[in-house]
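Participant: coords please:
(2 chains)
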There are 2 protein chains.
Amino acid sequence: MDQKQYKRKIYLEDKPRIEARDELLAAFDLPSQKEWTKVEEALGRVTAEPVFATESMPHYHASAMDGIAVQAADTYGAHEQSPLRLALGEQFAYVDTGNAIPPQYNAVIMIENVNVIDDQTLEIIEPATPWQHIRPIGEDIVQEEMIFPQGHKLRPADLGSLLAARITEVEVFKKPAVAIIPTGNELIEVTEKPQSGKIIEFNGTVFANFVKEWGGEPHLSGIVKDEPEKIKEALLNAAENADIVVINAGSSAGSKDFTVHIIHEIGEVFTHGVAARPGKPVILGKINGKPVVGVPGYPVSAYLALEWFVRPLVCKYLQIPEPKRQTVQVKLGRRIVSTMGQEDFIRVNIGYVNGQYVANPLTRAAGVTMSYVRADGLLIVPTNVLGYEQGELAEAELLRPLEEVDSSIVFSGSHDLTIDLLSSQIKRNRNDMKIISSHVGSMAGLLAILKGEAHVAGIHLLDPETKEYNLSYVKKLLDGMDIVLYPFLKRKQGWFVPEGNPLGIESVKDMAEKKAHFVNRQRGAGTRILFDLLLKEAELTPDNITGYSREMFSHLSVAAEIKGNPEAVGLGIYPAARAMGLSFVPIADEEYDLVMTKDFFESEKGKMLISVIQSDDFRQNVEKIGGYKVVTGAVPKIG
Amino acid sequence: MDQKQYKRKIYLEDKPRIEARDELLAAFDLPSQKEWTKVEEALGRVTAEPVFATESMPHYHASAMDGIAVQAADTYGAHEQSPLRLALGEQFAYVDTGNAIPPQYNAVIMIENVNVIDDQTLEIIEPATPWQHIRPIGEDIVQEEMIFPQGHKLRPADLGSLLAARITEVEVFKKPAVAIIPTGNELIEVTEKPQSGKIIEFNGTVFANFVKEWGGEPHLSGIVKDEPEKIKEALLNAAENADIVVINAGSSAGSKDFTVHIIHEIGEVFTHGVAARPGKPVILGKINGKPVVGVPGYPVSAYLALEWFVRPLVCKYLQIPEPKRQTVQVKLGRRIVSTMGQEDFIRVNIGYVNGQYVANPLTRAAGVTMSYVRADGLLIVPTNVLGYEQGELAEAELLRPLEEVDSSIVFSGSHDLTIDLLSSQIKRNRNDMKIISSHVGSMAGLLAILKGEAHVAGIHLLDPETKEYNLSYVKKLLDGMDIVLYPFLKRKQGWFVPEGNPLGIESVKDMAEKKAHFVNRQRGAGTRILFDLLLKEAELTPDNITGYSREMFSHLSVAAEIKGNPEAVGLGIYPAARAMGLSFVPIADEEYDLVMTKDFFESEKGKMLISVIQSDDFRQNVEKIGGYKVVTGAVPKIG
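Facilitator: Numbers count the residues shown, from 1 in each chain, chains lettered A, B, ... in the order given. A predicted model of the protein is given here:
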């Protein structure tokens, strides 16, 4: 590698995102191509021209009822006191719904309102008014009427109206072909064997499916190496064959970020960098008259950049408005800091607690795909806003339907593997209900209950004085609230060590003496509190522990860190060690309980939660994991 | 046909809709089948089991930046005043984003923050903190973590997380097979030639596409004749091969409605009739353990019944919650009457006018597919509500995105063919903008402006006193408002007569003398006012006119009525006659103008409207129709 490349510093622009998009759109008068498709296969397609009815519906005067067709004038005078008789063939004809009205008749009497006298004669006791119960020609659709304008996305019922108007083929916009080019020496196909330093190419699949959802036709190419010639060839080829070109990664200003130079060389660059995060290092340009969008490699940045710039191009091609997400007003559960002059797209969890929507930011790391997957919404901090204080109100765009947010149980507090199982089991009983959880640690969980930002908190907090779990913390922190402390699990805490315990760790003292690399938990986590207690009992300080400042947010993350490092050690629950194939040295049986308000405990959601916890199914599934015991026949410790 | 069948009166039940649905769902513990699919092809599929990560992402400590990997301890002491030199291979290694961190290092310094001294040496001026700019193992996904529970519908970004966790295949629920059986002797395939009394089968296509949209797999059969044996055979066959059976029509209580008896004979009937309109005559039952839903023949009834009963079955099979529509609070533009004890599903147009959503009911005729297609929302009148007064507030479910409602121009008043063209042209300029129009006649259009329920009204009202168009009506009805009367079109009014004018109609007098069948327009329509004036001038009364009471709501509907009846005559505009191939006897050149508030005239929407009207493109398209002249360089008559 030639280090001199590092010297070439390119600074990204800070162009406002909307300005960049509008410039991009203005630069292309996309020549949308059209094609004919069968109406039966036209769902989701977009009309390319106004559609006019070829035939009226109905195309004849049709009976709207089962009954008899009559000439209204023949029925005048009929009355309950003086029924009127009508002769078949002369004064009436039987008609069923949809039948044509014989030309000599102009009204229909419902079959319920006639009395059959004999095969040829009926009696009526009420006159008919002209045109009653008749669907006139064109009641639904009149021949030559415009059924849809151009740019109409066809829905199921729309297809019915087209067929009713005897339209069997419809001219629609071709789906714009979107070429997707993944680049990078570090990428491997998902089928290849993973090695250190290599990552699976998955952005391309995500892009392709976004494009499909927006109405385009994705063309995903194989991985292109970080070599200028290969990238150039791929771009030229794509610009030749597709309507829109997306190239993934190489859009920033690093040593291997050739893309901007190549586009500049073979086409034109409009924008390199927008004032929005994540997703800032984007390239907008054109090659061969086709729009080219270079998106960053980090997945969340890439998803956003795609939505900002590729979706508008697809929609412009199809002449449809860009779909907008439903928004909801949320109260910030935590402070959000943003930079002046930059938009910030913050992934948030949203829960409906105590009559309001509460939003809590997820990680802002652009490489964490699960933060986008788990997010309930996106909170967009505008350019001129420096952020939001905790408790402030803001608008969030929803990433899942509001009713799903409404019916979720918001779980906070300590991480435990059974919470996912619990959610899965609840969903099995009531498919619109599930748990959304944030692993913030026991103490933060209690605070979430205090602030009304969560329905339930899971805690395991050992009181150093009483050696009792949880109760004293709840009493102290949630003093004055109507709280239920519900016994949930007994679980085994212990040392996580590499298989075979190579350093022979049995205690904190061993760790300090053998200079083991400790992987700690975050402040406020029950496990951290336990560790600090063990440290104090051993008369040691954080300075004696290598790695004390290295904090992870879950048992599994700790376990993942220890795997493969023979000198590492962590503290956590047995099932996490087992899942990761580590050895485990048990040191305590701890009580992991649930905290909730009495109101929630007695609510429909609360009852569902408790009934699932107490079900045999759930208990058996949990105990199958190992290291757990669900407290059966639990009685709340308080409340 | 055996008339005695008519005597067999079956009364439909009035079971509450929700009760009927819950009974239906409770009767089936659908044995959802599962299958494996490639992740790349899994968009929109629903996970059948919880999905756990097979591998961590990243699966090694990875650099989060382009830069150098260092041991943090080696960098302590670096300062602007005392830069620190590092040797390649001993104290640092170059890393790009995504590269593995060599095991001897524990931090990354960004390339921007290093100075290259020579090939082997760098200088830094700031120390690194341990783990800075490193993505630890499992930062995104930790091996064994539950990524999705069962019952999760996969979105584009979800596929990325699955691949990132090295999951290449996912177990999903099979799409439930939904058999759709259209029945009816009156039905013909869309490809057959239409005859009187025959209607095109299109419900099946609509059902199939609804099912597809909900996640099922439709199996649409050919048309089955109204013969008990054939229907029985089709039902048994469907119940054998599909998961859910839908049979269309024959669900009511008419002479050929065998379906309920057949289901009763070969299976079980739970419900026949629900207390909801339209869609009331529904059959819910089972055959061979499979749910069977019989839906009415009228399309709008059928669409609703499908949504009420088939969608929940599909969702139950897939273990996903039923999607709900966004709702909006609307002000009723007209009174709505409902029946106690029945739910009413009213199709409404919704416009955003003067800061509020105004809803106006469309026709309630269940046979009018366009009323569902054109509806912006559904207003559901609950069982225990008798209806709503004009001006009352109610909740409507949206059938199109709220932003489309927001950006629509609400047009009221007289029907003119150019309004669709205008809408189409506006949509070409701004794909999120269009006109939603209701043809209520000139007078009702003026009232809509008065009540603030429309943005624009089209009127052509001849003052019998002054012989002048429109101005006097506006001055009288909209007195005191800030109004703009904008000259729009000159158009030809005249008699619509069958080709060749067989009765030789030239005047009202001719009509009366020759007893022609007149097709009238509704009260308040400009054309009706013109006709009444002609009648008065001829010193005739409505009694002299056959068909005076037969009212149609548009020029095209009048023309459709006249086509094929050699004795018919109507009054209307030239292009409608021409579109329908009628002869036309001109009698007046009338002025069709637009009325709007000054606020609207000056708004963004108003400006767009006027600029399109004044464009050459639009004028040429209108004049191509014939019988029209767009007023060029128009100056408002008032305002």
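Participant: each with direction, which strands does the helix or strand encompassing A:Ser412 pair with?
Facilitator: Assessed by DSSP states H and E, A:Ser412 sits inside strand A:408-413. The pairing partners recorded for strand A:408-413 under DSSP bridges are strand A:434-437 (parallel), strand A:456-459 (parallel).
Participant: next SSE after it?
Facilitator: Using DSSP H and E, the helix or strand that directly follows strand A:408-413 along the chain is helix A:418-429.
Participant: tell me what the helix or strand harbouring A:Gly204 is packed against?
Facilitator: If you go by DSSP H and E, A:Gly204 is part of helix A:203-214. Secondary structure elements in contact with helix A:203-214, counted by 3 or more Cβ pairs under 8 Å, 6 or more residues apart in numbering or on different chains; DSSP states H and E, are strand A:177-182, strand A:217-220, strand A:244-248, helix A:299-305, helix A:311-318, helix B:156-164. Using the backbone N, CA and C atoms, a C-beta is placed for each residue, glycine as well.
Participant: among these, which is the most enclosed?
Facilitator: Taking mean count of other Cβ atoms under 10 Å in any protein chain shown as the contact definition, the stretch among the helices and strands packed on helix A:203-214 with the greatest mean neighbour count is strand A:244-248, which reaches a mean of 29.
Participant: residue boundaries of the strands in the stretch 501-639 of chain A?
Facilitator: For the stretch 501-639 of chain A, the strands defined by DSSP state E, counting those that start in this stretch occupy A:517-521, A:551-552, A:568-573, A:583-597, A:628-630.
Participant: nearest to chain B, of the ones you listed?
Facilitator: Comparing the strands of the stretch 501-639 of chain A against chain B with Cβ to the nearest Cβ, the closest turns out to be strand A:551-552 (7.7 Å).
Participant: direction included, what does the closest one pair against?
Facilitator: According to DSSP bridges, strand A:551-552 has the following sheet partners: strand A:517-521 (parallel).
Participant: for the strand it pairs with, the averaged confidence score.
Facilitator: For strand A:517-521, the mean pLDDT works out to 93.
Participant: one step back: where among the strands of the stretch 501-639 of chain A is average confidence lowest?
Facilitator: Set side by side, the strands of the stretch 501-639 of chain A show their lowest mean pLDDT on strand A:551-552, which sits at a mean of 87.
Participant: which other residues reach that one?
Facilitator: Counting by Cβ atoms under 8 Å, 6 or more residues apart in numbering or on different chains, strand A:551-552 makes contact with A:519-523, A:558, A:561, A:570, B:136, all of which sit outside it.
Participant: turn the residues you listed into CSV, including neighbour count and distance to B:Phe488.
Facilitator: Conversion of those to CSV gives the following (neighbours: other Cβ atoms under 10 Å in any protein chain shown; distance: Cβ to Cβ, whole Å):
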residue, neighbour count, distance to B:Phe488
A:Val519, 24, 76
A:Asn520, 21, 76
A:Arg521, 26, 73
A:Gln522, 16, 69
A:Arg523, 12, 71
A:Val558, 31, 74
A:Glu561, 25, 73
A:Gly570, 30, 77
B:Pro136, 19, 68
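Participant: point out where chain A drops to low pLDDT.
Facilitator: When the per-residue scores of chain A are filtered using pLDDT under 70, the ranges that remain are A:1-10, A:30, A:251-256.
Participant: hey, which helix is longest across it?
Facilitator: For chain A, the longest helix by residue count, based on DSSP state H, is helix A:228-241.
Participant: kindly export that helix (C-alpha atoms) in PDB.
Facilitator: Taking only C-alpha atoms (Å, rounded to 0.1, in the frame of the first residue of the first chain), the coordinates of helix A:228-241 have been written out as PDB:
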ATOM      1  CA  PRO A 228      -9.800   2.000 -10.200                       C
ATOM      2  CA  GLU A 229      -9.900   0.200 -13.600                       C
ATOM      3  CA  LYS A 230     -12.400  -2.400 -12.300                       C
ATOM      4  CA  ILE A 231     -14.600   0.200 -10.700                       C
ATOM      5  CA  LYS A 232     -14.500   2.400 -13.900                       C
ATOM      6  CA  GLU A 233     -15.500  -0.600 -16.000                       C
ATOM      7  CA  ALA A 234     -18.300  -1.500 -13.700                       C
ATOM      8  CA  LEU A 235     -19.600   2.100 -13.600                       C
ATOM      9  CA  LEU A 236     -19.500   2.500 -17.400                       C
ATOM     10  CA  ASN A 237     -21.200  -0.800 -17.900                       C
ATOM     11  CA  ALA A 238     -23.900   0.000 -15.400                       C
ATOM     12  CA  ALA A 239     -24.500   3.500 -16.900                       C
ATOM     13  CA  GLU A 240     -24.900   1.800 -20.300                       C
ATOM     14  CA  ASN A 241     -27.500  -0.700 -19.200                       C
END
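Participant: contacts for that helix?
Facilitator: Defining contact as Cβ under 8 Å, 6+ apart, one finds that helix A:228-241 is touched by A:177, A:179, A:181, A:183, A:219, A:221, A:224, A:245, A:247, A:250, A:258-259, A:261-263, A:265-267, A:287-290, A:292.
Participant: list the buried ones in it?
Facilitator: For helix A:228-241, a neighbour-count test (16 or more other Cβ atoms under 10 Å in any protein chain shown) marks A:231-232, A:234-236, A:238-239 as buried.
Participant: quick one: that helix to strand A:177-182, angle?
Facilitator: Using axes from the mean of the first three to the mean of the last three Cα atoms, to 10 degrees, the interaxial angle of helix A:228-241 with respect to strand A:177-182 works out to 170 degrees.
Participant: count of residues packed around the closest residue to A:Ile137 other than its chain neighbours?
Facilitator: Taking Cβ to Cβ, 6 or more residues apart in numbering or on different chains as the measure, A:Ile137 lies nearest to B:Ala560, with 4.8 Å between them; neighbours along the chain are not counted. One way to gauge burial is a neighbour count; for B:Ala560, by other Cβ atoms under 10 Å in any protein chain shown, it gives 29.
Participant: now do A:Arg374
Facilitator: Around A:Arg374 there are 18 other residues, counting by other Cβ under 10 Å.
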